[in-house]
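Peer 1: sequence first, predicted coordinates after that:
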Protein chains: 2
Amino acid sequence: MKKIFVTGGAGFIGSNLCGFLLDKGHEVTAYDSLLLGRREFFKDFEENPRFRFVEADLLDREALSGEIKGHDLVFHMAANSDISRGAKHTDVDLKLGTIATYNVLETMRGGGVGEIVFASTSAVYGDELRVVPTPEDYGPLFPISFYGASKLACEALISAFCHNYGIRAWIFRFANIIGRNGTHGAAFDFVERLKKDPSVLRVLGDGRQAKPYLHVSDCIEGMWFGYERAVEHLNYFNLSVEGATSVRVIAETAIRESGLTGTRIEYTGGERGWAGDVPQVRLDGGKLAGLGWTASRSSDEAVKLGVKELVEQSATNWRTK
Amino acid sequence: MKKIFVTGGAGFIGSNLCGFLLDKGHEVTAYDSLLLGRREFFKDFEENPRFRFVEADLLDREALSGEIKGHDLVFHMAANSDISRGAKHTDVDLKLGTIATYNVLETMRGGGVGEIVFASTSAVYGDELRVVPTPEDYGPLFPISFYGASKLACEALISAFCHNYGIRAWIFRFANIIGRNGTHGAAFDFVERLKKDPSVLRVLGDGRQAKPYLHVSDCIEGMWFGYERAVEHLNYFNLSVEGATSVRVIAETAIRESGLTGTRIEYTGGERGWAGDVPQVRLDGGKLAGLGWTASRSSDEAVKLGVKELVEQSATNWRTK
């Protein structure tokens, strides 16, 4: 049994991860400001005596320092998950991403916590890539979103802490992740908007943007697999799936899974959904596959299941406030 | 004539750059906190009516915002130039590098300043490189010093600002730079320490660490050449020289140029000078060479001239305080 600290533990991936780690028999501390996360996501395990929730901010280094020490391993999942917001408020990712991650690493060092698993992103690769699907050793790295820029800054900080202070790290560059407890992203938006207006669904871009979608359960299995098997001091992997799913397919799936027919889809046009959006992403998952892990669901299957879960969860109405 | 804003304008490269830009006929504002820079470096041009000095901190965003607007171009040279300090005080590079650079970019955006030339570093490439000499498109990027981590974070921020707000950028990844107005680095340390004790020179590592040295005049010529010729929205270059000079040669040069004989060199041993030091660096300068620029001096020639200048400057005693 390990003592595991999950930042962003009340968020989308973090909350699913807490359940997974508790099922594996570990002791789990979820640390979350509830700025983006939700207490309702703990409902399946909040009574578990091996689970503890701390409502606090990663920018409160004193609180973090007191809470993080004594843990064996940190899953650092917290971030500003609303990528398009970063283009309007350029300091959001700097604070919730870069500075928050610095605080995690610095308090790990101070508290003698030796291992970190980090949720990075395919957005570190930027746009107009020469190699597709893109492998982990791709360069140069010029992210076009503030989110991607911040994640790259975090990776670099992790690398420096690893080298200077002996911390071990597992960096996973995520594809798009989909599934229950989702709080953002195209599928989530579509499901919520269809509830408000089933007659028309407005979609940013031309619908042809396509990215690999990984179901959140595969995301978590993949991280745990990589953490257990990868033996370098600093390990880094794409965490993805072959192929990709277009925005058009996600929109159509959201309509179908919502039980609607006759909904009109309106595309705003243009190849990019928003400034900083990378319209075409394909990730080479060969490095993690080489250790023996591949996703159990294809991108289209992950979208189908994920959208279904989001529709079901939306129907319980917990989300309205 | 352009209105040019030089951050770190009182520092080593910044002060040399101010003189160069004034000679070219431009209007120059040097912005510097004098934390690492020195007012004495302005002595050759402080009376020039096209020159203005602002003593202020990049972390003071209000001051920066008021000063930066109205300029055509920013040379962002300010940074914590003491790389080894970052390993002891892990937040120095975060503040003086990453957050300061964010402030520069955000105030450029607010003030309508459209162009930035950025002093990056070969340290972004990290250690144990698969490709030597290392080209600009190398990946992955896992810097081992906090300095390198911060510079990579800055590059990523520049990339995001370029993409989202139309700022144009020229990123130069510097080799080691040497010459007059030096304030740090092996050659500077050796010259200063030989003044205090000419009998023995203590050298970190085994003396075999070797890096390419570029004379500061070549560094500035190279940046200006790249700025004038490179036409991409986001341009990035190694700014280097073929070959490399070992710490042993620098130590011997410092002794000889100081007019000493019989000084004993004591190596502390080990392949690394300090945690975060990359012991062997070779940079591929082919990309800038392809536009037509190569350094006028070899690495060894740059070291010889640079050490000579540091010895002469040290003899004037301005540096003692």
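Peer 2: Yes, it's here. Numbers count the residues shown, from 1 in each chain, chains lettered A, B, ... in the order given.

Peer 1: which helix of chain A spans the most residues?
Peer 2: Counting residues, the longest helix in chain A under DSSP state H turns out to be helix A:146-165.

Peer 1: and the angle for it with helix B:146-165?
Peer 2: Using axes from the mean of the first three to the mean of the last three C-alpha atoms, to 10 degrees, one finds that helix A:146-165 and helix B:146-165 are set 180 degrees apart in direction.

Peer 1: mind listing what's buried in helix A:146-165?
Peer 2: Of the residues in helix A:146-165, A:146-164 count as buried by neighbour count, 16 or more other C-beta atoms under 10 Å in any protein chain shown. (Glycine included, C-beta is placed from N, CA and C.)

Peer 1: same question for stretch A:220-230.
Peer 2: By neighbour count with 16+ other C-beta under 10 Å, stretch A:220-230 contains the buried residues A:Ile220, A:Glu221, A:Gly222, A:Met223, A:Trp224, A:Phe225, A:Gly226, A:Tyr227, A:Ala230.

Peer 1: quick one: that stretch to chain centroid distance?
Peer 2: Counting by C-alpha atoms, centre = their mean, to the nearest Å, stretch A:220-230 is centred 15 Å from the centre of its parent chain.

Peer 1: is any part of that stretch close to chain B?
Peer 2: No - for stretch A:220-230 and chain B, the contact criterion (C-beta under 8 Å from any C-beta of the partner chain) is not met; the two come no nearer than 14.4 Å.

Peer 1: for the record, mean pLDDT for that stretch?
Peer 2: Throughout stretch A:220-230, pLDDT has a mean value of 98.

Peer 1: in helices, which of the buried residues of stretch A:220-230 appear?
Peer 2: Checking the buried residues of stretch A:220-230 against DSSP H, those in helices are A:Ile220, A:Glu221, A:Gly222, A:Met223, A:Trp224, A:Phe225, A:Gly226, A:Tyr227.

Peer 1: who touches the first one in this structure?
Peer 2: A:Ile220 sits next to A:Ile13, A:Asn16, A:Leu17, A:Phe20 when contact means C-beta atoms under 8 Å, 6 or more residues apart in numbering or on different chains.

Peer 1: what do you get for the last one?
Peer 2: Residues near A:Tyr227 by C-beta under 8 Å, 6+ apart: A:Leu73, A:Val117, A:Trp170.

Peer 1: and which of those residues is nearest to B:Phe190?
Peer 2: A:Trp170 (41.0 Å; C-beta to C-beta).

Peer 1: work out for me the element A:Lys287 sits within.
Peer 2: Secondary-structure element containing A:Lys287, defined by DSSP states H and E: helix A:286-291.

Peer 1: same question for that helix: list its buried residues.
Peer 2: Counting neighbours by 16+ other C-beta under 10 Å, one finds that the buried residues in helix A:286-291 are A:Lys287, A:Leu288.

Peer 1: next: stretch A:37-49.
Peer 2: Residues of stretch A:37-49 classed as buried under the neighbour-count rule (16+ other C-beta under 10 Å) are A:Gly37, A:Arg38, A:Phe41, A:Phe42, A:Phe45.

Peer 1: same deal with stretch A:82-100?
Peer 2: The neighbour-count criterion (16+ other C-beta under 10 Å) identifies A:82-87, A:90, A:92-100 as the buried residues of stretch A:82-100.

Peer 1: and the end-to-end length of it?
Peer 2: For stretch A:82-100, the first-to-last residue distance is 16 Å (C-alpha to C-alpha, to the nearest Å).

Peer 1: let me see the mean pLDDT of that stretch.
Peer 2: Averaged across stretch A:82-100, the pLDDT comes to 91.

Peer 1: which residues does that stretch contact?
Peer 2: By C-beta under 8 Å, 6+ apart, the list of residues contacting stretch A:82-100 from outside reads A:7, A:35-36, A:58-59, A:78-80, A:123, A:145-151, A:153-154, A:157, A:184, A:273-277, B:94, B:98-99, B:102, B:105-106, B:109, B:153, B:157, B:160-161, B:164.

Peer 1: now A:Arg173. Nearest residue, chain neighbours left out?
Peer 2: Here the nearest residue to A:Arg173 in space, its sequence neighbours aside, is A:Ser120; by C-beta to C-beta, 6 or more residues apart in numbering or on different chains that works out to 4.6 Å.

Peer 1: excluding chain neighbours, what is closest to the closest residue to chain B within the stretch 51-200 of chain A?
Peer 2: In the stretch 51-200 of chain A, no residue comes nearer to chain B than A:Gly139, which is 2.6 Å away by C-beta to the nearest C-beta. Once flanking residues are discounted, A:Gly139 sits nearest to B:Gly139: 2.6 Å by C-beta to C-beta, 6+ apart.

Peer 1: A:Leu157 now?
Peer 2: If you skip the residues right next to it in sequence, A:Leu157 has B:Ala149 as its closest partner in space, 5.2 Å away by C-beta to C-beta, 6+ apart.

Peer 1: tell me where chain A has helices.
Peer 2: Counting by DSSP H, the helices of chain A are A:12-23, A:61-68, A:85-88, A:92-93, A:100-111, A:146-165, A:186-196, A:216-229, A:247-257, A:286-291, A:299-315.

Peer 1: now A:Lys43: how far from A:Leu34?
Peer 2: As judged by C-beta to C-beta, to the nearest Å, A:Lys43 and A:Leu34 stand 15 Å apart.

Peer 1: oops, could you answer that again for A:Val92 instead?
Peer 2: A:Val92 is 16 Å from A:Leu34, where distance means C-beta to C-beta.

Peer 1: please apply the same query to A:Val203.
Peer 2: Taking C-beta to C-beta as the measure, A:Val203 and A:Leu34 are separated by 30 Å.

Peer 1: let me see the contact set for the residue nearest to A:Arg173.
Peer 2: The contact partners of A:Ser120, taken as C-beta under 8 Å, 6+ apart, are A:Lys151, A:Cys154, A:Glu155, A:Ile171, A:Phe172, A:Arg173, A:Phe174, A:Tyr236.

Peer 1: looking at those residues, spot the one nearest B:Val311.
Peer 2: Taking C-beta to C-beta as the measure, B:Val311 lies nearest A:Glu155 of those, at 41.3 Å.

Peer 1: ok, A:Arg202 to chain B distance?
Peer 2: Relative to chain B, A:Arg202 is positioned 23 Å away (C-beta to the nearest C-beta, to the nearest Å).

Peer 1: now do the contacts for that residue.
Peer 2: Shown here is A:Arg202, whose contacts under the criterion C-beta under 8 Å, 6+ apart are A:Arg193, A:Glu266, A:Thr268.

Peer 1: now swap in A:Ala153 and tell me
Peer 2: Remark: with contacts taken as C-beta under 8 Å, 6+ apart, A:Ala153 is in contact with A:Gly97, A:Thr98, A:Thr101, B:Thr98, B:Ala149, B:Leu152, B:Ala153, B:Ala156, B:Leu157.

Peer 1: recalculate using a threshold of 6 Å.
Peer 2: The contact partners of A:Ala153, by C-beta atoms under 6 Å, 6 or more residues apart in numbering or on different chains, come to A:Thr98, B:Ala153, B:Ala156.

Peer 1: grab the nearest non-local neighbour of the second one.
Peer 2: In space, not counting the residues next to it along the chain, B:Ala153 is nearest to A:Ala153; the distance is 3.4 Å by C-beta to C-beta, 6+ apart.

Peer 1: can you spell out the domain ranges of chain A, please?
Peer 2: Annotated domains of chain A cover A:3-177+A:212-239, A:182-211+A:243-284+A:292-315 [automatic domain parsing].

Peer 1: let me know which of these is tucked in deepest.
Peer 2: Each of these was assessed for mean neighbour count using mean count of other C-beta atoms under 10 Å in any protein chain shown. The highest is domain A:3-177+A:212-239, with a mean of 21.

Peer 1: A:Phe225 and chain B, how far apart?
Peer 2: Note on A:Phe225: its distance to chain B, by C-beta to the nearest C-beta, is 20 Å.

Peer 1: do the same with A:Ser33
Peer 2: The gap separating A:Ser33 from chain B is 20 Å, by C-beta to the nearest C-beta.
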